[in-house]
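Participant: Coordinates for the following, if possible.
(chains A, B, C and D)
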Number of protein chains: 2
Amino acid sequence: MSLIFSRQCEYALQAVLYLALKPHNEMTSIKELTRRLDIPYHFLAKILQDLTRKGLLSSLKGPTGGFALGMPAKDITLFHIVEAIDGVDFMHSCVMGFPECTGKNPCAVHEKWAGLRDGIYTMLVSKNIAEMAKNMRKPEYQSA
Amino acid sequence: MSLIFSRQCEYALQAVLYLALKPHNEMTSIKELTRRLDIPYHFLAKILQDLTRKGLLSSLKGPTGGFALGMPAKDITLFHIVEAIDGVDFMHSCVMGFPECTGKNPCAVHEKWAGLRDGIYTMLVSKNIAEMAKNMRKPEYQSA
DNA sequence: GAATATTCGGATATTTTAGTCTTAATATAA
DNA sequence: TTATATTAAGACTAAAATATCCGAATATTC
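Facilitator: Predicted structure coming up:
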């Protein structure tokens, strides 16, 4: 099997999107996140730590502590999150894994894939998570 | 990190494409394949065995033995290979991993991804490997 | 029939990813 | 200041993906 994004990255996307729905400056605990998103507690903790180190989130210890976005939601795209967790090698590598695949020396689907890859990029950058949050009121996010 | 296709699948695509360039009924040894494609010998052996069990390749032991396509090249698409190795869950699962993501209850990029996913599918099925082989004469495949 | 070149199959090893546990640090509130 | 609720950090375990090894089976050639 193989996903577009690693499981870790999927969890990161889900968690950051969840935080984008929250009022600015409100801290959200790992406990709440894992309950709502059904992600293993300690695993999510690691991921959030990582995103915090990279500046995408901020954190606060103690009661009333938790995580929040590290910058305005309008400045964060899905691409930032993917970049932070999985990296973006997929943007410049051959979909069939040919090391020599280039424009001069293309594989059988080089051009097709170039278009699709650009489409994926556009999907990830064309909306910031503030815009996404606006049109979002999903079961997984509704009050329990 | 995370690729579209697993490494195993990439190797399978490369190997089958290589075999498609060969005259029908000519057997190709693992040795030749690994030399040309720079894939670990024993790992490729496993993958080819697997493709043989699934009917995509045929094999013959002994000197002059090796592997060949298990059916006419015009009947094989990249999709068949991906299906055999990685499976095609990516065709029906949410790109952000939301278990509840459906048409009625879409994630933020549900529609965008649906279009791209269809594009990937089209890329994989629109040409058979005979057609691909015709327009292919890549360095990695040229005579050593 | 013997020597040889190959695939087959199973066991094992290594690396990466996923997930868990435990202790420390820290912030809050009583 | 003490109890408590949280994140931080690192060690650990589990599972999956990647890769290797070896002996058996088999086909070819001499």
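
Participant: Only C-alpha atoms from now on, for both contacts and neighbour counts.
Facilitator: OK.

Participant: hey, C-alpha coordinates of the top helix by length along chain A in CSV?
Facilitator: Criterion DSSP state H: the longest helix present in chain A is helix A:110-125. The C-alpha coordinates for helix A:110-125 follow below in CSV (Å, rounded to 0.1, in the frame of the first residue of the first chain):
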residue,chain,number,x,y,z
HIS,A,110,6.3,12.4,-17.6
GLU,A,111,4.1,15.2,-19.0
LYS,A,112,0.9,13.7,-17.7
TRP,A,113,2.3,13.5,-14.3
ALA,A,114,3.7,17.0,-14.4
GLY,A,115,0.2,18.3,-15.0
LEU,A,116,-1.3,16.3,-12.2
ARG,A,117,1.5,17.2,-9.8
ASP,A,118,0.9,20.8,-10.5
GLY,A,119,-2.8,20.2,-9.8
ILE,A,120,-1.9,18.7,-6.4
TYR,A,121,0.3,21.7,-5.7
THR,A,122,-2.5,24.0,-6.6
MET,A,123,-4.9,22.1,-4.4
LEU,A,124,-2.6,22.5,-1.5
VAL,A,125,-1.8,26.2,-1.9
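
Participant: what's the angle from it to helix B:110-125?
Facilitator: Helix A:110-125 and helix B:110-125 are oriented at 170 degrees to each other (axes from the mean of the first three to the mean of the last three CA atoms, to 10 degrees).

Participant: How many residues are close by A:L13?
Facilitator: The number of residues packed near A:L13 is 23, by other CA atoms under 10 Å in any protein chain shown.

Participant: close to DNA strand D, is whichever strand or helix holds it?
Facilitator: Using DSSP states H and E, A:L13 falls within helix A:7-20. No: Helix A:7-20 stays clear of DNA strand D (CA under 7 Å from any atom of the strand), getting no nearer than 11.2 Å.

Participant: And the helix or strand following that helix, what's buried?
Facilitator: Using DSSP H and E, the helix or strand that follows helix A:7-20 in sequence is helix A:30-37. Of the residues in helix A:30-37, A:30-31, A:33-34, A:36-37 count as buried by neighbour count, 16 or more other CA atoms under 10 Å in any protein chain shown.

Participant: Now do helix A:30-37, average pLDDT.
Facilitator: Taken as a whole, helix A:30-37 carries a mean pLDDT of 96.

Participant: Report the next helix or strand after that helix in sequence order.
Facilitator: With DSSP H and E, the next secondary element past helix A:30-37 is helix A:41-53.

Participant: Output that next one as CSV - backbone C-alpha positions only.
Facilitator: Below are the C-alpha coordinates for helix A:41-53, written out as CSV (Å, rounded to 0.1, in the frame of the first residue of the first chain):
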residue,chain,number,x,y,z
TYR,A,41,-2.9,10.2,21.9
HIS,A,42,0.9,9.9,22.2
PHE,A,43,1.4,9.8,18.5
LEU,A,44,-0.5,13.0,18.0
ALA,A,45,1.4,14.6,20.8
LYS,A,46,4.7,13.9,18.9
ILE,A,47,3.3,15.4,15.7
LEU,A,48,2.0,18.5,17.5
GLN,A,49,5.4,19.0,19.2
ASP,A,50,7.0,18.8,15.8
LEU,A,51,4.7,21.3,14.3
THR,A,52,5.3,23.6,17.2
ARG,A,53,9.1,23.4,16.8
